[in-house]
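> model the structure of this input:
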Amino acid sequence: MTFIVRLLLITPENADIKRYRAGQYNNFTQLTMPYLAGFVPPEYRIRLVDEHTEPIPRDRYDLVAVTVNTPNAPHAYNMAERFRRAGTWVALGGPHVTLLPGEAALHGDTVFIGEAEDTWPVFLKEFLGGRHKNVYHCERPPDLKNLPLPRRDLISGYRFTSGSVFATRGCPHFCSYCSLKNIYQPDFRTRPVEEVIEEIQTIAAKHFVFWDDNFFAAPGYTKKLLAALAPLKKRWAAQVTAHSCRDDDALLSLAGEAGCVYLFLGLESFTDAGLQDAGKTFNPLEQYADIIDRIHRYGISVQAGVVFGFDSDNQGVFDYALRCCANLGLDGVTASILTPFPGTKLYEQFKHEGRLLPVDWSYYDGKTKVSYLPKQMTPAELLAGYDYFRGNFYSWKSIAGRILRSRTHPLYNALLNLGYRKAYRRYAAAGAGLNREGWAAPCQDVVK
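Numbering: from 1, shown residues only. Next comes the predicted model:
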């Protein structure tokens, strides 16, 4: 067979995020590029590169495609310009390109707006014939049936964490800080259960993750999928809402029987005012303890998502969150800084109020920088408080207490906690963020 097009697919990662993630044990491969590689016809010779595990090659390519999220946009644009100067055609897609296609078009030759199941194959065919266009726009929800298998054989550096799968797309909720409704077509969709199971069977590793934004959003569908998944004896994790776990024991029981080890639970805030700011009032704050206890009863650990920087948050929120996490018996926490991504209600609010900082998109990573003016803190105080929370939550004393009290998977819990601690210490040692040793949140009441 003669290959006529040299194609490079890139998952970019800027230096700050790479440093932030270093040491974590749950860094599963990003799914987008292995998945899109499954659509590529045999006339292309493909190379897949994820910057988390390897550098961008200096070889010459005919076509380079880059998936761009908001914090990686400046880095991805610089990369795209280097390839273009070398005479390579550059295609840009992903969430940020969909949200700001005009901006992306200044840095790439072809841009993809929206989902790519229909437009990417058309582009690849037209590129072979020299008839490719500068813009490909997804006009209708793509059918999620008969999708190709991701090219996991092209993944490098993820020996035990190359298993990422999606079963559903979208989310029925409208959180203020979330851009999903602007990235995907509005309809919540599911893949055929048998096709999802077929794909999972191709994953050599025992562990995998569902990459869905809200895996329990369609409980009837999910129950059918879990029943079919149980015989495979795999171990997996998924992201869900607290709302979806509050009163469906049958769903949680099936998840436990099907091998669920962890659920990432988007709690976001421990105050009614914080949930109001987030547009997440469907989260049953008064039921958090019961929901977490219920999940634990089915042998599933809980990794909570917590966000700092809502307008109702003051400097007391960090100590308050630490107490809540301990009292609720959480197994782990992924903490984030509130980030007003373009295309969200939050972005428009902060823009209208003149609270967006004059910074580039690299400040929008939700982990290492602050991109706006908080209401009751300075940006430096928010970043310092965030570092304070992470340093205390992943201290030896805190980790030991969680492991000793663990009701689910002590070994998994220990590995994840130690990985997050390692990542935090590496990041602090590199001088990133504020990382003020001994910084203490002022003793004031949190706004409830």
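> where does Glu103 sit: helix, strand or coil?
helix (DSSP: H, G, I helix; E, B strand; the rest coil).
> Glu51 against Thr11, yeah?
Yes. Using CB atoms under 8 Å, Glu51 is in contact with Thr11, at 6.6 Å. Quick note: C-beta positions are derived from backbone N, CA and C, even for glycine.
> the two: which is more packed in?
Of the pair Glu51 and Thr11, Thr11 is the one with more neighbours under other CB atoms under 10 Å, namely 24 against 19.
> just for the protein, where's the confidence low?
Applying pLDDT under 70 to the chain picks out residues 1-3, 22-28, 157-162, 173, 181, 185, 429-448.
> the domain parsing of it - what is it?
5-137, 163-429 (automatic domain parsing).
> CSV for those, including distance to Ser156?
Listed next are the domains of the chain as CSV, based on distance: least, CB to CB, whole Å:
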stretch, distance to Ser156
domain 5-137, 6
domain 163-429, 15
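> for Arg151, find the nearest of these.
Ranking the domains of the chain by proximity to Arg151 (CB to CB) places domain 5-137 first, at 3.8 Å.
> so what's the gap between the closest one and the chain middle?
Relative to the centre of its chain, domain 5-137 is centred 17 Å away, using CA atoms, centre = their mean, to the nearest Å.
> how about stretch 126-141?
Centroid displacement of stretch 126-141 relative to its chain, using CA atoms, centre = their mean, is 27 Å.
> mind listing what's buried along it?
Phe127, His132, Tyr136, Cys138, Pro141 (16 or more other CB atoms under 10 Å).
> and those residues, which is closest to Ile295?
Pro141 (31.6 Å).
> so what's that closest one up against?
Contacts of Pro141 were listed using CB atoms under 8 Å, 6 or more residues apart in numbering, and they are Glu115, Gln185, Pro186, Asp187, Arg189.
> quick one: contacts for the first one?
If a contact means CB under 8 Å, 6+ apart, then Glu115 has Cys138, Pro141, Pro142, Arg169, Tyr184, Gln185 as its contacts.
> and if you look at the fourth one?
The contact partners of Asp187, by CB under 8 Å, 6+ apart, come to Pro141, Gly170.
> Ile183 against Thr98, yeah?
Yes. Here Ile183 reaches Thr98: they are 5.2 Å apart, a contact under CB under 8 Å.
> shared neighbours of the two, anything?
Contacts common to Ile183 and Thr98, judged by CB under 8 Å, 6+ apart, are Gly114.
> can I assume Phe389 sits in a strand?
No. Judged by three-state DSSP, Phe389 forms no part of a strand; its state is helix.
> from Tyr320, how far out is it?
For Phe389, the distance to Tyr320 equals 10 Å [CB to CB, to the nearest Å].
> can you tell me the SS state at the closest residue to Pro142 other than its chain neighbours?
Once flanking residues are discounted, Pro142 sits nearest to Glu117: 3.6 Å by CB to CB, 6 or more residues apart in numbering. Here Glu117 is recorded as coil under three-state DSSP.
> tell me how far Glu117 lies from Val165.
Separation of Glu117 from Val165 (CB to CB): 16 Å.
> higher neighbour count, the two?
Taking neighbours as other CB under 10 Å, Glu117 and Val165 compare with Val165 leading, 21 against 18.
> which residues in the stretch 1-150 of the chain form helices?
For the stretch 1-150 of the chain, the helices defined by DSSP state H, counting those that start in this stretch cover 15-21, 32-37, 73-85, 95-99, 101-105, 119-128.
> most tightly packed of the ones you listed?
Mean neighbours per residue, mean count of other CB atoms under 10 Å, is largest over the helices of the stretch 1-150 of the chain for helix 95-99, with a mean of 24.
> residues in contact with that one?
With contacts defined as CB under 8 Å, 6+ apart, helix 95-99 is touched by 68-70, 72-73, 104, 108, 111-114, 179, 182-183, 341-343, 361.
> now do the strands in this structure.
Secondary structure of the chain (DSSP state E): strands located at 5-11, 44-50, 63-67, 89-93, 110-113, 135-137, 164-165, 168-169, 189-190, 207-210, 235-240, 260-268, 301-308, 332-337.
> who wins for proximity to Leu226 among those strands?
Between those, strand 260-268 lies closest to Leu226; by CB to CB that is 8.2 Å.
> what lines up beside that closest one in the sheet?
Strand 260-268 sits in its sheet next to strand 235-240 (parallel), strand 301-308 (parallel), going by DSSP bridges.
> for Ser406, which of the ones you listed is the nearest?
Proximity to Ser406, assessed across the strands paired with strand 260-268 by CB to CB, is greatest for strand 301-308 (7.8 Å).
> buried members of the contacts of helix 95-99 into PyMOL, please.
Buried subset of those, written as a PyMOL selection, criterion 16+ other CB under 10 Å:
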select buried, resi 68+69+70+72+73+104+108+111+112+113+114+179+183+341+342+343+361
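> count of residues packed around Gly391?
Close neighbours of Gly391, defined as other CB under 10 Å, add up to 19.
> I'd say Phe123 and Ala91 touch.
Yes. Using CB under 8 Å, Phe123 makes contact with Ala91 at a distance of 7.1 Å.
> joint contacts of the two?
By CB under 8 Å, 6+ apart, Phe123 and Ala91 have these common neighbours: Thr110, Phe112.
> go through this protein and flag its longest helix.
The single longest helix within the chain, with elements called by DSSP state H, is helix 410-429.
> quick one: that one to chain centroid distance?
Per CA atoms, centre = their mean, the centroid offset for helix 410-429 relative to its chain is 18 Å.
> tell me the buried residues in that helix?
412-414, 416-421, 423-424, 426-428.
> what's the answer for stretch 388-407, then?
Tyr388, Phe389, Arg390, Gly391, Asn392, Phe393, Tyr394, Ser398, Ile399, Arg402, Ser406.
> of these, closest to Val307?
Here the nearest of the buried residues of stretch 388-407 to Val307, counting by CB to CB, is Phe389; it sits at 11.1 Å.
> gap between that closest one and Arg426?
Taken as CB to CB, the span from Phe389 to Arg426 is 17 Å.
> for the residue nearest to Thr67 when sequence neighbours are not counted, what are phi and psi?
In this structure, Thr67 finds its nearest non-sequential neighbour in Gly94, 3.8 Å apart by CB to CB, 6+ apart. Note on Gly94: backbone dihedrals following degrees, to the nearest 10 are phi 110, psi -180.
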